[in-house]
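Engineer: Quick check, what structure comes out for this input:
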Amino acid sequence: MKRYLAAISVLVLSCCSVWAQDTPMFRGDLRHRGVYRAAGVPKFNSVKWKFHTAGRVISSPSVVGGVAYVGSTDCNLYAVDAGSGALKWKFETKGWVVSSPAVASGVVYFLSYDSNFYAVDAASGQLK
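Structural biologist: Numbering: from 1, shown residues only. Model (predicted):
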């Protein structure tokens, strides 16, 4: 029906131990090695929660302190509670957010297709 606005779900596995540790940026660290200290997903049981955006989610989320940060082609960066899937806050830009965010010292860094590099407070979603 709404062919131009596809709702995409961010799916979280109920047994995913990666959510129990911080993954502050794409592939885990500045070297992007993809090495994590968690044991991994032992078995897929079911979907824990879904979160819908008004666009596509292309990038990988960053997870820090029990919050997943992920961008969407609906021009927003979302902070989602990793335990419940509840929206904590969203930050609107004027362009797609398809970069994987990085989180350091309480600040979320990401690029937008509006040609800006953003620094947003991880707790409140306010522009730094």
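Engineer: Tell me the confidence at residue 122?
Structural biologist: With respect to pLDDT, residue 122 scores 97.
Engineer: how many other residues sit next to it?
Structural biologist: Residue 122 has 24 neighbours, counted by other CB atoms under 10 Å. (C-beta placed from N, C-alpha, C; glycine too.)
Engineer: list the contacts for it?
Structural biologist: 64, 65, 67, 69, 79, 103, 106, 107, 108 (CB atoms under 8 Å, 6 or more residues apart in numbering).
Engineer: Mind doing that once more with 10 Å?
Structural biologist: By CB atoms under 10 Å, 6 or more residues apart in numbering, residue 122 lies in contact with 24, 62, 64-65, 67, 69, 79, 88-89, 101, 103-109, 128.
Engineer: Over to residue 79?
Structural biologist: 64, 67-70, 86-91, 101, 108, 120-125.
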